[in-house]
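Quick check, what structure comes out for this input:
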Amino acid sequence: MIHKIGIIGLGVIGASLGMALRSCCPEIIVAGRDLDGEIVTRAIELGALDLPLDDQLLAECDLVIMATPLQAMAETIKQIKDHIKPGAIISDVGSVKSWVMQLLEENIPAAIHIIGGHPMAGSEKSGLQAADKFLLQNAAYILTPRPGTAEKPLQELTELLKTIGARVVIMNAREHDQAVARVSHLPHLMSAALVNNLAAKPEFLALAGGGLRDSTRTAASDPDLWQDILMLNRDAVIEELESMLQILIDVQLALQYKDGEMLHRYLQTACTTRKNVPSLRPCLEDARDLIAIIPDQPGVIGIIGTLLGHADINIQILQLLNVRDEDEGSIKITVPGEKAFAACELLKKQGFQSWLLEK
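Coordinates of the predicted model:
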């Protein structure tokens, strides 16, 4: 059983893990360390840790999670490998798994269970201040156990992660790296490309709407972090870039030769596929979205939350879409499908212009 957990590195992922674990598993002791001692103190104050992680406590941990940047992992492993007890589990949260798993297998004693990990959640913001105990809820959490790993430790870690709301997916390291190159690493490069394409015409940024902001959110992420991720997974990323380049060439040719039929097929495929994305999150399969126009004034979102809460309608997602010049804005509210009509009617009765979006 997992009774004590050590988290090394208290950035957005490490601290969010700590918060979620302490919230959902209060019987488990969560300790942590960071290069900055003040961050450890602050993490305890924020509820991400029970106490600091020294070497003595590290030796008592049933699970050790490395949540450091990739470039720090080799040194981290060197510092901790002689302090981890036989039978414990060591994991990580790195975005590249083949390289990390090789590093662990070459340095960690055979009596320690190596189970790589990668939570598919994060933020363009970094550091403890961006941590969120709900960050991993409904997010895929990929585990890459060393071949031959016993069933018991893998099951224990899986159940622990499910307890904090994550969707556990088990695959080997190579499969992971190819998959995340397509769903994470390539999209990050596309986000950066869109922003860099605007560099020559920065005045066009004033015309940008929500679509561009959504498409380029990850471009604001830490360049040092992403340089390491992309370089360490470069073979898989290059393969995905080649595929993307061919797609863009095909679109260019369709426009050049006025092939509207091909262009429509391309756009229709994207439209259909995108509409199916929410179904990958089980808790939102039957959810509905509604739009509400609200005045731009303090407390209005709280009023809406209270209205829906009193009607026993849970807000699953709330997103601020836009604030207009006439001192009003629009929000998108995701609620359980069976209560969507009631939520919309309730807001209308309270004077908020509201409507349901098509599924």
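
quick one: low-confidence parts of this protein?
The chain contains residues with pLDDT under 70 at 123-124, 278-285, 322-327, 359.

Spatially central, which residue of it would that be?
Closest residue to the average C-alpha location of the chain: Ala121 at 0.9 Å, with Cα atoms, centre = their mean.

how close does that one get to Ala287?
Distance of Ala121 to Ala287, computed by Cβ to Cβ, to the nearest Å: 18 Å. In short, each C-beta sits where N, CA and C put it, glycine included.

again with Thr216
For Thr216 relative to Ala287 (Cβ to Cβ), the value is 26 Å.

returning to what we had before: for the residue nearest to the centre of the chain, list the residues it contacts.
Ile13, Ser16, Leu135, Leu136, Ala139 (Cβ atoms under 8 Å, 6 or more residues apart in numbering).

Can you tell me, leaving aside adjacent residues, what's nearest to it?
Ala139 (3.8 Å; Cβ to Cβ, 6 or more residues apart in numbering).

Enumerate every residue touching that neighbour.
Listed by Cβ under 8 Å, 6+ apart, the contact set of Ala139 reads Pro119, Met120, Ala121, Gly165, Ala166, Arg167.

List the contacts of Val335.
Residues counted as contacts of Val335 (Cβ under 8 Å, 6+ apart) are Ala287, Arg288, Leu290, Leu308, Ile313, Asn314, Ile315, Gln316, Ala343.

Please list only the buried members of those residues.
Buried subset of the contacts of Val335 (neighbour count, 16 or more other Cβ atoms under 10 Å): Ala287, Arg288, Leu290, Leu308, Ile313, Gln316, Ala343.

CSV for the residues you listed, including secondary structure and distance to Lys4?
Output for the buried ones among the contacts of Val335, formatted as CSV (DSSP: H, G, I helix; E, B strand; the rest coil; distance: Cβ to Cβ, whole Å):
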residue, secondary structure, distance to Lys4
Ala287, strand, 37
Arg288, strand, 43
Leu290, strand, 45
Leu308, helix, 40
Ile313, coil, 40
Gln316, coil, 33
Ala343, helix, 43
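
Can you tell me which of those residues lies closest to Asp82?
Closest approach to Asp82 among those (Cβ to Cβ): Gln316, at 45.7 Å.

And that closest one, how close does it get to Thr334?
5 Å.

which residues in the chain form strands?
Per DSSP state E, the chain carries strands over the ranges 4-8, 29-33, 51-52, 63-66, 89-92, 113-119, 140-145, 167-170, 287-295, 317-323, 328-336, 353-356.

what about the closest residue to Met244 other than its chain neighbours, distance to Ala192?
Excluding its sequence neighbours, the residue lying closest to Met244 (Cβ to Cβ, 6+ apart) is Leu186, at 6.2 Å. As for Leu186, its distance to Ala192 is 11 Å (criterion: Cβ to Cβ).

Would you work out how far apart the start and end of stretch 21-41 are?
From its first residue to its last, stretch 21-41 covers 18 Å (Cα to Cα, to the nearest Å).

what's the spacing between it and its chain's center?
Offset of stretch 21-41 from its chain centre (Cα atoms, centre = their mean, to the nearest Å): 20 Å.

Check what contacts it and list those residues.
Against stretch 21-41 from outside (Cβ under 8 Å, 6+ apart): 2-10, 14-15, 18, 43, 47-54, 57-58, 61, 128, 133, 160, 163-165.

Let's see that with 7 Å instead.
For stretch 21-41, the external contacting residues (Cβ atoms under 7 Å, 6 or more residues apart in numbering) are 2-10, 14, 18, 43, 47-53, 57, 128, 133, 163-164.

Just give me the neighbour total for Cys25.
Neighbours of Cys25 under the rule other Cβ atoms under 10 Å: 16.

And Met244, by the same measure?
For Met244, the count of nearby residues is 16 (other Cβ under 10 Å).

swap in Ser191?
Using other Cβ under 10 Å, Ser191 has 19 other residues around it.

Would you check that it makes contact with Ala220?
No - between Ser191 and Ala220 there is no contact under Cβ atoms under 7 Å: 8.8 Å.

returning to what we had before: distance of the residue nearest to Met244 from Ile304?
As judged by Cβ to Cβ, Leu186 and Ile304 stand 37 Å apart.

Looking at the two, which is more packed in?
For Leu186 and Ile304, the more surrounded residue by other Cβ under 10 Å is Ile304, and the numbers stand at 22 against 19.

Report the contact partners of the more buried one.
Ile304 sits next to Ala292, Leu347 when contact means Cβ under 7 Å, 6+ apart.

Same question for Pro187.
With contacts defined as Cβ under 7 Å, 6+ apart, Pro187 is in contact with Thr218.

which strands and helices sit next to the lengthiest helix in the chain?
For the chain, the helix with the greatest residue count under DSSP state H is helix 234-256. Applying 3 or more Cβ pairs under 7 Å, 6 or more residues apart in numbering; DSSP states H and E, one finds that helix 234-256 makes contact with helix 186-198, helix 260-275.

Of these, flag the one that's most buried.
Stretch with highest mean neighbour count among the helices and strands packed on helix 234-256: helix 186-198 (a mean of 15; mean count of other Cβ atoms under 10 Å).

List the buried residues for stretch 226-244?
Trp226, Asp228, Ile229, Leu230, Leu232, Asn233, Ala236, Val237, Glu240, Leu241, Met244.
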